[in-house]
Structure formats: C-alpha cells, structure tokens
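K.L.:
here is my input, please return the structure:
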Amino acid sequence: MSEKFSPTLRLGDLNDFIAPSQACIVSLKAVAKHERAENQVKVAPLIKQSPLIKQSQAEPVKISLKDCLACSGCITSAETVMLEKQSLDEFLSHIKLGETVIVSLSPQSRASLAAHFDLSPLQVFRKLTAFFKSLGVKAIFDTSCSRDLSLIESCNEFLMRYKQHHSNDDEERGSTLPMLASACPGWICYAEKTLGSYILPYISTVKSPQQAIGATIKHHICQKMGLTPDKVYHVTVMPCYDKKLEAARDDFLFSVEHQDEAAGRMIAEVDSVLTTGEVLDLIQLKSVDFKALEEAPLDRVLTNVDEDGHLYGVFGGSGGYADTIFRHAAKALLGREIKGPLEFKILRNSDFRELNLEVEGTTVLRFALCYGFRNLQNIVRKIKVGKCDYHFVEVMACPSGCLNGGGQIKPKKGQSAKDGIQSIEDAYMEDVSVADPFENPLVRSLYDEWLGEPGSEKAKEYIHTQYHPLVKSITSQLHNW
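P.N.:
All right, here's what the predicted structure looks like:
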C-alpha cells in the first residue's frame with residue numbers, strides 16, 4: 001500500500017463495525033436461493049474462493065468505489081482514490097502550502113479522544129484547538145452546531161411528511177413514512193447500491209452534520225471571512241471511514257462562480273476527512289504530550305459553546321435524531337411538551353429499540369432506533385412489503401451507533417470492546433449541557449443571515465440533498481458468469 005497513506009490506513013483492519021464478517025457481501029445474483037449461504041465470497045482473490053465459479057484462470061475481479069457497499073470489509077481498505085486524497089500527508093501538505101485550513105470536529109471523535117486520554121470532551125476540544133493551530137490551522141469548529149441545523153431541518157421535513165401522510169386530501173396524501181434518518185453514509189451507500197429506488201423516497205433529504213457544516217463553511221462563512229470557497233481547505237474529524245466516501249460524493253461538489261483561474265473548477269464542501277484514529281496518529285507523529293498540552297480558547301463562529309465556556313448539544317451519541325424529532329413532533333402536532341430523558345423499549349436487542357406516544361389509547365407517534373445491518377435489513381423488508389408502521393427510524397450502520405464507528409480509537413490494552421464503547425459513552429456527555437437545537441443562537445443566526453427559515457428554498461439548496469440508485473458493476477460482471 002502506498003506510503004502516502006496514514007499509519008492507521010496502512011495497518012488498521014478498517015472495520016466500520018464491532019465484529020463484521022470480512023467476506024464481501026456483494027451477492028451473486030445468478031446463484032439459486034438455496035445456495036445463498038455460499039455467496040459470502042472473499043474478494044481477494046475472488047475467483048479462487050468461490051467454488052460456484054468455474055472460470056478458474058480469470059483475473060480477480062476489481063471492485064471500485066461504485067461497487068462498494070461500505071460494509072467495512074475489503075473495499076474500504078483498498079480504494080486508493082479515497083485514501084490518497086484523504087490522508088494525514090495530504091492534510092499536512094495543504095497546511096504547508098499556506099492555505100486557509102479549517103477543521104470541524106465531531107462530538108463522537110471528541111468523546112473517543114476524551115476516553116483515550118482520560119480527559120473531558122471540553123479539555124480535548126481546547127487541547128485539539130491548540131494542537132491544530134500550532135500546525136497552522138486557521139480555525140476549529142464543532143459539528144454539534146451543524147448537527148443542530150440538520151436536526152431542525154429534519155424536524156421540519158418530518159412534520160411535512162407526517163401531515164401529508166395523514167392528509168384528507170387524496171392528492172396530497174403520500175406514503176413517505178417512515179422517514180429514515182440520512183446521517184449515516186454506510187447506510188446511504190447500502191441503500192443506493194443494494195436496495196434500489198423503492199427505499200430511497202423514505203430517506204430524509206437532509207444532509208448529515210458533516211455535509212451541513214461543509215455547506216455552511218463553503219457557502220456562507222467563507223464570505224464572512226472575505227474568502228472564496230476554493231481558497232479554504234475544509235477537513236472534518238469523524239468516527240468512521242465511510243465519512244470519507246460521503247465527502248467524495250458528486251452531490252456535494254459545486255463550481256466556483258468567480259472569474260479567475262479557478263472558475264469552473266469543482267469544489268468540495270468537505271475536502272478531506274480524518275478519522276479519530278488518524279488524529280491520534282498525528283498527535284503521536286508530532287511527539288506531543290497531549291495531556292500536558294495547553295488549552296486554547298474555542299472558536300465560537302460555529303461551535304456550541306456558551307458564554308461561560310461550556311459545551312452544549314443534543315443527547316444521543318449517534319446524533320439524537322429520534323429523540324429530537326419525537327419531542328418536536330409531540331409538541332408541534334399534539335401540543336405535548338416532553339421533558340426528561342426518553343425511554344426507548346428494547347426489542348430484539350439493544351441496537352433495536354422503539355418509543356411510542358399514545359393519545360386516548362391510539363398510537364400517534366411510533367419511533368425506532370435501528371443500529372447495525374442485521375436490524376436495518378428487517379426494517380427494509382417491512383417497508384418493501386408495506387408492513388412497517390413506524391413514523392421515523394434513526395438508522396445507523398454500526399452496532400451501538402456512531403460512537404462505535406470504525407474510525408474511533410481502539411480499546412486500551414486489556415480493555416474489552418464492550419468496555420471501550422462504554423467508556424466513550426460515559427465521556428460523551430461529560431461537561432456537555434443538553435440543549436434544544438431550536439434555541440441555538442448560532443443556528444438562529446444562520447437562518448437570519450443566510451437560509452431564511454427551516455424548509456426554505458435556500459435551505460433545500462444548501463442543507464438538503466438527493467439520492468440515486470446506483471448500478472453495481474461487480475454484480476453485472478458476476479451475472480454473466
């Protein structure tokens with residue numbers, strides 16, 4: 001593997017899940033149903049490991065980014081375009097060139113670093129701010145802020161779908177429920193490349209917090225800084241490798257409008273993604289004693305920090321979508337204000353939970369948390385046959401959600417995977433106040449200065465996206481065998 005790759009990418013297993021099968025799950029469509037158990041073929045080398053395929057001397061099938069289901073098996077570690085453009089060396093090279101580099105830090109990565117160094121999330125954020133700025137980074141922002149923006153847009157979208165679904169007007173009534181969360185790129189890859197067009201209308205059109213902050217920086221903050229988007233190199237720190245796939249989507253590229261040498265060039269909302277583990281690699285590469293590092297003031301432009309210097313955000317390690325939308329819908333649709341923590345009932349396992357709101361014996365809101373491919377496949381099957389009665393499902397590809405992303409720091413020596421996740425969960429909300437996204441002054445200013453109001457045409461242009469059923473060329477090749 002290229003020496004340009006970060007140490008984590010050279011040496012790591014690159015699993016996005018706790019205990020994934022390393023077999024490629026791209027199915028052989030031509031194989032009979034009773035032989036499906038044999039379809040879990042290893043990709044490298046694909047020919048030798050599949051007894052069902054007789055063309056023994058053929059070249060191994062090469063799988064590209066478009067074939068990848070983001071299942072954390074072989075493809076994530078082999079996709080050279082993704083890795084070379086989103087590595088520590090690439091990040092450092094842009095700093096060395098004197099470019100304006102902005103870093104956006106996810107709360108999940110912050111929690112993983114906090115658990116690793118035995119610090120609070122606030123301490124980690126301040127030390128990372130000092131560390132990155134010592135390297136030459138211009139500003140460090142907080143995707144908790146853009147998550148609030150995505151949550152507000154998601155609440156607005158859910159209300160519209162719910163009202164449409166229950167409309168008495170036949171022309172307005174639609175079947176766009178359940179609304180499925182869209183923040184997990186592994187889930188989106190799976191939906192686009194495997195499930196086909198029937199599932200896509202159910203997925204929320206709201207961009208993930210990563211892409212929402214990318215759009216905010218490149219389309220709004222740049223102007224306030226007196227810069228054009230092509231002059232800013234935007235890096236996010238995320239808990240999973242699939243975020244690299246997300247940043248590379250064509251839907252999140254736009255052309256520069258000013259007339260100079262960059263006119264017409266396509267610009268990304270997020271230029272590069274570093275995982276939490278890669279940031280730890282960078283700290284070690286620079287031989288920094290992170291715990292002893294000074295704590296710098298936080299950049300308040302896009303960071304959820306109050307006047308007293310404390311962090312705030314929604315509860316929920318995977319984004320708090322179900323929690324926030326449930327509360328908002330209960331208040332907006334039924335006039336019921338729900339205070340205190342929500343109690344989701346565990347169903348099949350801890351990664352599949354539901355929450356209902358009943359009015360006079362009738363269930364009016366039915367939400368679910370669905371983490372891991374095994375659980376989400378059950379949801380998908382129910383939607384396909386029209387038997388899914390949830391109104392909203394927070395879908396995440398990783399068991400235990402984003403806190404357990406494949407890009408997080410591995411458990412300490414002697415620590416079990418379960419204990420490692422628990423330590424990150426314990427650190428996640430330490431010194432972080434739970435706050436209503438609708439009360440976030442930073443987000444309110446974004447609407448006042450830029451977007452107008454939730455669901456506006458500008459909001460749809462910059463904070464929403466679209467999905468596309470993608471043809472899997474590997475399947476086409478296998479089909480012909």
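K.L.:
send over stretch 376-391 as CSV, restricted to the C-alpha atoms.
P.N.:
Below are the C-alpha coordinates for stretch 376-391, written out as CSV (Å, rounded to 0.1, in the frame of the first residue of the first chain):
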residue,chain,number,x,y,z
LEU,A,376,-31.9,-2.4,9.4
GLN,A,377,-32.4,-5.2,6.9
ASN,A,378,-35.5,-6.2,8.9
ILE,A,379,-36.8,-2.6,8.7
VAL,A,380,-36.1,-2.6,4.9
ARG,A,381,-38.0,-5.8,4.4
LYS,A,382,-41.1,-4.5,6.2
ILE,A,383,-41.0,-1.3,4.2
LYS,A,384,-40.8,-3.3,0.9
VAL,A,385,-43.9,-5.3,1.7
GLY,A,386,-45.8,-2.3,3.2
LYS,A,387,-45.8,-3.6,6.8
CYS,A,388,-43.6,-1.0,8.6
ASP,A,389,-45.8,1.0,10.9
TYR,A,390,-43.0,3.3,12.3
HIS,A,391,-43.2,7.0,11.6
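K.L.:
got the buried residues for that stretch?
P.N.:
Buried residues in stretch 376-391, defined by neighbour count with 16 or more other C-beta atoms under 10 Å: 376, 379-380, 383, 388, 390-391. Yep, even glycine has a C-beta here, placed from its N, CA and C like the rest.
K.L.:
go on, stretch 444-463?
P.N.:
Those would be 446-447, 450-451, 454-456, 459, 462-463, for stretch 444-463 by 16+ other C-beta under 10 Å.
K.L.:
before we move on, back to that, pLDDT added to the buried residues of stretch 376-391, as TSV?
P.N.:
Compiled in TSV, the buried residues of stretch 376-391 are given as follows (pLDDT from 0 to 100):
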residue	pLDDT
Leu376	89
Ile379	93
Val380	93
Ile383	93
Cys388	93
Tyr390	96
His391	96
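K.L.:
ok, back up a step: in helices, which of the buried residues of stretch 444-463 appear?
P.N.:
Among the buried residues of stretch 444-463, DSSP state H puts 446, 459, 462-463 in helices.
K.L.:
any idea which helix or strand comes after the helix ranked longest in the chain?
P.N.:
Counting by DSSP H, the longest helix found in the chain is helix 143-165. Next helix or strand after helix 143-165 toward the C-terminus (DSSP states H and E): strand 179-180.
K.L.:
following the chain onward from that following strand, which element is next?
P.N.:
helix 185-190.
K.L.:
elements contacting that following helix?
P.N.:
helix 242-247, helix 373-384 (3 or more C-beta pairs under 8 Å, 6 or more residues apart in numbering; DSSP states H and E).
K.L.:
how much space between Trp187 and Gly372?
P.N.:
Distance, Trp187 to Gly372, using C-beta to C-beta, to the nearest Å: 10 Å.
K.L.:
which neighbours do the two have in common?
P.N.:
Counting by C-beta atoms under 8 Å, 6 or more residues apart in numbering, the common neighbours of Trp187 and Gly372 are 396-397.
K.L.:
what strands flank the biggest strand by length in the chain, and is each parallel or antiparallel?
P.N.:
If you go by DSSP state E, the chain has its longest strand at strand 362-371. Take DSSP bridges as the rule and strand 362-371 pairs in its sheet with strand 352-359 (antiparallel), strand 392-396 (parallel).
K.L.:
nearest to Ile325, of those?
P.N.:
Ile325 lies closest to strand 392-396 among those, at 5.7 Å (C-beta to C-beta).
K.L.:
what is whichever helix or strand comes after the closest one packed up against?
P.N.:
As assigned by DSSP H and E, the chain's next helix or strand after strand 392-396 is helix 417-428. Using 3+ C-beta pairs under 8 Å, 6+ apart as the contact test, the elements touching helix 417-428 are helix 107-117.
K.L.:
show me where the stretch 201-350 of the chain has strands.
P.N.:
Taking DSSP state E, counting those that start in this stretch, the strands of the stretch 201-350 of the chain run over residues 232-238, 253-255, 266-268, 272-275, 311-313, 345-346.
K.L.:
looking at the strands paired with strand 362-371, which is closest to Leu365?
P.N.:
Nearest to Leu365, of the strands paired with strand 362-371 and by C-beta to C-beta, is strand 352-359 at 4.0 Å.
K.L.:
show the contacting residues for Arg353.
P.N.:
344-347, 368-369.
K.L.:
and which of these is nearest to Gly277?
P.N.:
Among the contacts of Arg353, and counting by C-beta to C-beta, the member closest to Gly277 is Leu369, at 25.4 Å.
K.L.:
beta partners for that closest one?
P.N.:
Counting by DSSP bridges, Leu369 forms beta bridges with Arg353, Glu394.
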